[in-house]
Structure formats: C-alpha cells, structure tokens
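Novice: Have a look at this prediction, sequence included:
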Amino acid sequence: MSFEEKRVREHARTSQRVLRLSMLAMLITSGIAHAADTANKEQTLTVNASATNADQQEQAAQDYSVPVTRAGTKMALTARDIPQSVSIISKQRMEDQQLQTLNDVLKNTTGIKSVSQDMDRPLFYSRGFLIDNYMIDGIPTAFASRWNLGDVQTDMALYERVEVVRGATGLLTGPGNPSAAINMVRKHADSKEFTGSLEASYGSWNKQRYVADLSAPLSEDGRVRGRVVAGYQDRDSFIERYNNQKQFVYAVVDADLTDSTKLSVGYEFSQVNTDSPMWSGAPRWYTDGTQIRTRRGYNTAPDWAYNDKENKKVFVNLQQNFDNGWNITLNGTHNEMFLDSKMLYVDGYFDKSTGIGTSPYANYPVIGGTGYNTGKRKVDAVDAFASGPYELFGRQHELMVGVSYSRQDNKYYSAWDNISPTQLGDYSDFNGQYPETDWNPRTESSDSQLVRQKSTYLATRISLADPLHVILGARYTNWNRQTMSAEMEKNNITPYGGVIYDISDNWSAYASYTSVFQPQDYQDASGGYLSPVIGKNYEAGVKSDWYNSRLTTTFSVFRSELDNVAVSTGQVNASTGNTIYEGKNGVVSKGVEFEVNGALTDNWQMTFGGTTYLAEDRNGDAYNSQLPRTSFNLFTSYRLPQLDALTLGGGATWQSKTWGDVSGPDGNGTWRARQGSYTLVDLFARYDVTKNVSLQANLNNLFDKEYDTNVGSGGIVYGEPRNFSVSATYRF
C-alpha cells in the first residue's frame, strides 16, 4: 500500500471516528435535555437588556450556569441566543473544584488544552490554535508567548466568573486567532449590608492559602458600597527546591449616582514570587534514542534562579440605563505588569555513558543557557458601547454599537549566556548546581513593541419572525505596531454574521461566520515579523436551555481556514536567541464540540463537554500535533436530600494521545516525542457545619497518573501528581 493510500485510509478512519463521537455527543445532549424537559416545563428566560432580576442573580450564584451574558456579541443574551460555542465557569463551580487561578479554570474548560513550556508558563489552545486574547470586563490584553507575564496565574478570588467564547471572536477583540477569547468578570460591591467570607486552606507540598472577601455599605442608604478581597498563598511543589509565594488585594467602590446610573472604581494589586523555577523542562533523550527516565521531582534550576511578577490595575466602569431598555457602558483601565527573573535551562541530547551533551540545533553548539530578563507591559484602554431595542417593520430588534482604543507598550530587557557541553559536564551528575552568570548589561530585546488599536464596531439582532433571528455585525480596526527597527500599520474590517432559528420552546439551531485577522509576534530568519494570519471561521450547531436557562446544552460543528500560520523551523537565530518561524498556507481545523452545563435538579449541578477535531496543512500534515485531537471534561456536584449539609462530587478529564517532532542531535532529522492518552480523576466533599461554617476537601489526580505536558519540545514537563487540599470557610 502506497503512502498516499495509507494517508487516505487513515483520514477516512479519523472522519468515521469524528462522526461516531458527534452522534454520541448528540445522544448525550438530547438525553439529558429530554430528562430536563420531563422534569420541568418552564420556558426559556426572557432577557431585559438593562439588567437581570434578583432571582436570576441568586440562581447564578448557586449554579454552574449563568443565565445572561454579553459574551460573543456584547448584547445581553442567553447562551442559547449566541451563535457560537460559549462556556461560562461560574463562581460556584470554581469553589467546588478549587479552581484558584485562570490556569486551573482553563485546564478544566471544554475544548481548551494546555502546553506547559515549563512550570509557570502554560500556553492554552482551542481548536488547534493558540489563545492570545485575555480580557477583563471586555477589554483585551494580547501577549507574546515568549514573554508570558503571568496572565494565567491571575487569582480567581477577584472574579465572579470566566466567560469563554470559542472560535474567531473578531467582533469582540479585533485581531485574534480562531481559538477562543477569555473574559474574566470582576466582583463588585453589590451588598447594602456588611457581609463577607474568610477562608483558610492547607494542602499538599505545604500549601497554605488565606483569603478574605468583605463587602459593606459606605453610605447610610447603601447607594455607595465597597468591597475588598485580599489573599496570601505560600506553597512548595512536587518539584524539589521550588517555592511560590503570592499575595493580592482588590478594592472596588460601586456607587448608584442615580436610580439608573452606576459608577465603579477599583484597584487591583498582585505579586507572585517564585524561587528555583525550572525553565523549559528536563532533557528527554540520550543520544542513542532511548528516553532519560527523569523522576517527577527533578529540577534543573539552581538556587539562584527566580521569577517574580507584579501586577497593578486601575479601572473605572460607568453604566447608564434608560427606561426604553437601552444601556450605555464605559470601561477604562490602566494596567502595569512587571517581570524580573534569572533562570537556567538545559536542552539537548546526552551520551548515556559519558553524560556529555549534544546540541539540538544545527551549527549552534549549545546545550543550555541562562537568562536575566526583565520587562514591563503597560496597557491603557477605553471601551464604550451602547445596546438596546429598536422597532422596525412592526417588530422589535436589538442593536449594539461601540468604540474602543488601546495602547499597549511592551518593553523587554535581557542578558543571556550559552552553556556549552564542556561547561555543563556530565549531565548524570547535574543537580541544578551551576554558578550564576557574570551578567553583561541588559539590552532591550528586539521584540519590544508599542501596539495601538483603534476600533469601531456594531452588531444588530434582527427578528425576521418569531422563531428566526439574524445577527449581523462588523468591526473596523486600525492596528499599528512600532518596534525598535520597523513600523507596521494595518486596517481591517472583520465581518460577523449569525442566524438562530428557534425549533421549539427549548431548542434552537444556529450558524455563524466571521473572518480572521491576526498580526504575529513570530520572527523569520532575518528577524522580521511574519505577515498577519488571515482566514475564515464557520460554525453551526444546536443549543437548548431549561429551567429559565439554569441548564444549557450545546452541540456544534466548526471549520477554520487560515493562511500564513506560523510554524517553527526548529532553528534558532544566533544573534537574538529567538526561534525562527515560517508561514504556512492552507491550514484547516474542523471538528465538533458539545457541552451540557448547569442544574439538572436543585440539588445536582454538572458540566460535561467534549471536542474532537482535525488540524492539518494543505499537505495533510498535522498542525500542532502536541495537542490532543479528542478530549472530554466532566465535573459534577450533588447535595444529598437526606443530608442537605453534605455535598459530594468529582470529575474526570480525558485526552487522546499526542506527539511532537523535534530536531535531532545537531539539528539532523527529527525525533518524535509521544504521550499516550490518559485520564485524570478528581473528588471533592463539602459539609456545612452550620449555616455560616463549611469544611471542604479536594483530591486531585486520584490515581496518581504520570503524564507529560510538553510533548512538542525536547524537554519533559510533568503534570502534578496526586494532591489534596482541605479548607474551612466562614460566611457572614
């Protein structure tokens, strides 16, 4: 059988597997929805664009679902009315599963998978593409993967929920990959009474965590309110010598200037200090091709290594509601993030008998390096939009129109030094003890940049008939980037279109289209930036909701077509130390997703989702093969009716096998790293000792599965072994 015949047959088998999984997802979704329909015949929630009522807010505080969101279109809609795949991770689910950082949240979100460059720098992907847009209250902050300033380490104690819109999100963000947009929604001072919570927890590897969340009225009538969230965390790791300390404080004042005008002003500070963090994992292979059996606790970092980050944010939010249902929202922010680190990495292949290393790069004889890196990212942004109903041809429709401006100034400085095979010596004797480099003066990095974006955008939801709605929109973006050596300016119009058809009271079918435009931070062999990625994104599916949107289901199919997608050549630019990339055309990602999320009963909450897809270039070669093509996420909690003080739950995540081809010794050929499919199982229990005091225990990776989270590299980065935490919470 020829190679082409084998490839066609394998493609057919994969397509059949996708079809079977699609049918399974539809059966699961429809089965759960039918059970919900049998148990409760309540109609879908009707949305008032200005606000949600108190009952809806109370349900949202207890459920895994959130009834109303502005995700996707910035119009206040139920998830069923948004023609894209949307996942919302509520505060209750974060508490049950102890999802304490954005990293924790994304690792447990449908359709999202991570690749850990090292212990503290995970990158997240959806549908085969990097997620590079992270938003707070709808204002995006983009980042370059090389200079990860700790966005995913953001502590969730400061946020009410996380909204994830998968696929292209140009209407929300302008430039971006067809992966997903992540929006974190801040907590606010909503209480007119003194209330709050105090939490203390202890866990594996001497983890201690303390969080206080306090709200109080600042005026006698409660029209001015304040809220403070403060926390401290100290933990070691299963990795030897590693220690991480985090502290954060968040303060916000919310004022009802009038019955229809609300002003919020807030400040956020966080600091993360890490000692002896491993950089880029532990070497994977000996020169004879056998794998180095590195224990999970092994650390290549010396005692002098550290990685410290500091984050300061000031924000203002003004909302004006009108009697006719219209709402005007103004968001402004000033963010400053700082990085200071000295680190060491080891990379290459090692002789099994002598322990002497060989470089993985052609004509670049190094097996490691040290880096003294500092950086500052400053973001100033403002976003203003109005939304509300209007009447045309005797029917009511919705309109959203807005403008935004952002200025992001990234300044990076570095000094670095290579490590030769002779300097490192016998790797079998290496225990991280390597002398600190006599650093040269730090110089500004070539990827320092100033990026400005000016955008106008609009969208309208047109009611063509009672069951048929169309969403049309577009975003115009003027994008400008200045670097040390060049300036690039692009103007782009991103169209957006979607149609939603209500099949019944609880079911809808939808389809959507949007274009893709993404400037890149990847550099070619000359040191110049690659041209922007351009493409198209299509999605179609069915959605349902039940119990006034307390339970939602989604089944979707998607397809993304991209040109000029960056692919690593495996080579390094000797003058900058940066990896060299080239653009590939004809990259296509296509697949299916499903998710069930929310309240099955008043006592039973569940989120269950899965995805399977293919991502290939025009030659049929896998794109980003280090990502699992199929994955499932499940987490559920159940409060016992016979003993309503006790809540039990748990979940599992499963992903298919992954692999990655990396350069062989001295850059000759490629060697393939592999990780088989695996399942991680988590459990939790909570007992309400009184109406104010609760105790909770969480157990993660129950079966102590050993797995590699960095398959697309020559370095192994292990996931966490079995671990536990116990916590006590006092609410008043």
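Specialist: Okay, I see it.
Novice: Quick one: the helices in the stretch 1-150 of the chain, in order.
Specialist: Using DSSP state H, counting those that start in this stretch, the helices of the stretch 1-150 of the chain run over residues 3-39, 54-62, 91-97, 102-107.
Novice: does residue 423 count as helix, strand or coil?
Specialist: Look at residue 423: counting by DSSP: H, G, I helix; E, B strand; the rest coil, its state is helix.
Novice: how much space between it and residue 417?
Specialist: Separation of residue 423 from residue 417 (CB to CB, to the nearest Å): 9 Å. C-beta here means a position set from N, CA and C on the backbone, and glycine is covered the same way.
Novice: Show me the residue sitting in the middle of this protein in space.
Specialist: For the chain, the residue nearest the mean C-alpha position is residue 106 (4.7 Å; CA atoms, centre = their mean).
Novice: What residues does it make contact with?
Specialist: Under the criterion of CB atoms under 8 Å, 6 or more residues apart in numbering, the neighbours of residue 106 are 112, 114, 124, 131, 152, 164, 182.
Novice: ditto for residue 253
Specialist: Residues in contact with residue 253 (CB under 8 Å, 6+ apart) are 189, 218, 224, 225, 226, 264, 265, 266.
Novice: correct me, but the second one touches residue 227?
Specialist: No - Residue 218 is not in contact with residue 227 according to CB atoms under 8 Å; the separation is 10.1 Å.
Novice: OK, contacts around residue 313?
Specialist: Here residue 313 is in contact with 136, 267, 268, 269, 333, 334, 335, 336 (criterion: CB under 8 Å, 6+ apart).
Novice: Select from the residues you listed the one having the most neighbours.
Specialist: Neighbour tally across the contacts of residue 313 (other CB atoms under 10 Å): the maximum, 24 neighbours, falls on residue 136.
Novice: That one contacts residue 332, doesn't it?
Specialist: No - Residue 136 is beyond contact range of residue 332, at 11.8 Å (criterion: CB under 8 Å).
Novice: joint contacts of the two?
Specialist: Residues touching both residue 136 and residue 332 by CB under 8 Å, 6+ apart: residue 315.
Novice: What is the neighbour count of residue 190?
Specialist: When neighbours are counted by other CB under 10 Å, residue 190 registers 12.
Novice: so what's it up against?
Specialist: So residue 190 contacts 215, 225, 254 (CB under 8 Å, 6+ apart).
Novice: again, but for residue 586
Specialist: By CB under 8 Å, 6+ apart, residue 586 lies in contact with 561, 563, 617, 618, 619.
Novice: Which of these are buried? Put it as a PyMOL command.
Specialist: Buried residues among these (16 or more other CB atoms under 10 Å), as a PyMOL selection:
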select buried, resi 561+563+617
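Novice: Serialize the contacts of residue 586 to JSON lines and add fields for secondary structure, distance to residue 515 and pLDDT.
Specialist: Converted to JSON lines, those look like this (DSSP: H, G, I helix; E, B strand; the rest coil; distance: CB to CB, whole Å; pLDDT from 0 to 100):
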{"residue": "561", "secondary structure": "strand", "distance to residue 515": "10", "pLDDT": "95"}
{"residue": "563", "secondary structure": "strand", "distance to residue 515": "12", "pLDDT": "92"}
{"residue": "617", "secondary structure": "coil", "distance to residue 515": "20", "pLDDT": "90"}
{"residue": "618", "secondary structure": "coil", "distance to residue 515": "19", "pLDDT": "88"}
{"residue": "619", "secondary structure": "coil", "distance to residue 515": "24", "pLDDT": "88"}
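Novice: Just give me the closest of the contacts of residue 586 to residue 542.
Specialist: Within these, the smallest distance to residue 542 is 23.1 Å, found for residue 561 (CB to CB).
Novice: Many thanks, I have nothing further to ask.
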